[in-house]
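Peer 1: Need a 3D model of the following:
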Amino acid sequence: MIYIGIDNGISGGICAISAHEGTIISSCKMPIKKSRGGNEVDVRAFHHWASESTGGTLSNAVYILEEPGGSKSAKAAKSMAGSFHCLRGFFETKSLRWERITPQSWQKVILPGCKAGETKARALSRASELWPEESFIQPGCRKPHDGIIDAALIAEFSRRKGY
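Peer 2: Below is the predicted model:
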C-alpha cells in the first residue's frame, strides 16, 4: 500500500510514501498546464506520475487530497476549487480510494501547537526530522518546495491514521 498526499492547488505538490516504513517513493510539484484563464492541474501528467509511483497499479494507493480553504483571494479560491474537483473527478472515474482532509486536521496532528504564520517553517522542520535525507528542493530551485513538503506530511498523517 502507498499513501499519496496531495497539497491542492497549482503551486501545490504531490508525494507518495510507503505504508510500512513511511519512506518517500516519489514526489514532485503539482503538474500544471496553461489554460485559457492561466494555469490548471494537468490531470494526464498527474495520472502518469501516479502510475509510475504505484508501479502501474493506481489502486495500490490511497490518495489524500487537501480540501480548498484559506485562500487569500477569490481568484486563488476558484483555482483551488477547480484543482480539487479536477482531481476528485479523476479518482472517482478511476474508482480509486481517496480521502479529503482539511489543512487543520493534518496540521493539528503533524504540527501540534503550531501557530498561524509558523506553518511553513514548522512543516519544513518536521519534514526534515522525518526524512533527513530529503532536500525537497526541485531542480533549478534554491529552496525547498512548500507544496511538496506539505504533500509529504499529508501522506504521513494519513499513514498514521491508517486511511
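Peer 1: my guess is Met1 meets Ile17, correct?
Peer 2: No: between Met1 and Ile17 there is no contact under Cβ atoms under 8 Å: 10.1 Å. Bear in mind the C-beta positions are built from the backbone N, C-alpha and C, glycine included.
Peer 1: These two: which is more packed in?
Peer 2: Comparing Met1 with Ile17 by neighbour count (other Cβ atoms under 10 Å), the higher total belongs to Ile17, at 28 against 13.
Peer 1: Three-state assignment for that one, please.
Peer 2: strand (DSSP: H, G, I helix; E, B strand; the rest coil).
Peer 1: Quick check: it vs Leu130, distance?
Peer 2: 9 Å (Cβ to Cβ, to the nearest Å).
Peer 1: Now list whatever residues contact both of these two.
Peer 2: Ala152, Glu156 (Cβ atoms under 8 Å, 6 or more residues apart in numbering).
Peer 1: what about the helices in the chain?
Peer 2: In the chain, the helices defined using DSSP state H lie at 43-53, 74-93, 103-110, 119-130, 146-161.
Peer 1: So Ser105 versus Arg160, what's the distance?
Peer 2: Separation of Ser105 from Arg160 (Cβ to Cβ): 12 Å.
Peer 1: Around Lys78, how many other residues sit close by?
Peer 2: Neighbours of Lys78 (other Cβ under 10 Å): 13.
Peer 1: Do I have it right that Ser11 meets Asp150?
Peer 2: No: taking contacts as Cβ under 8 Å, Ser11 lies outside contact range of Asp150: 10.5 Å.
Peer 1: Ends of stretch 31-50, what's the gap?
Peer 2: 11 Å (Cα to Cα, to the nearest Å).
Peer 1: outside of it, which residues touch it?
Peer 2: By Cβ under 8 Å, 6+ apart, stretch 31-50 touches 4, 10, 14, 16, 26, 28, 30, 58, 61, 63, 79, 82-83, 86-87, 90.
Peer 1: I'd assumed Gln138 was in contact with Ile148.
Peer 2: Yes: with contact defined as Cβ under 8 Å, Ile148 reaches Gln138; the gap is 7.4 Å.
Peer 1: From Pro31, how far off is the closest residue to Tyr3 other than its chain neighbours?
Peer 2: What sits nearest to Tyr3 in space, not counting adjacent residues and going by Cβ to Cβ, 6 or more residues apart in numbering, is Ala155, at 4.3 Å. Computed with Cβ to Cβ, the distance linking Ala155 and Pro31 is 17 Å.
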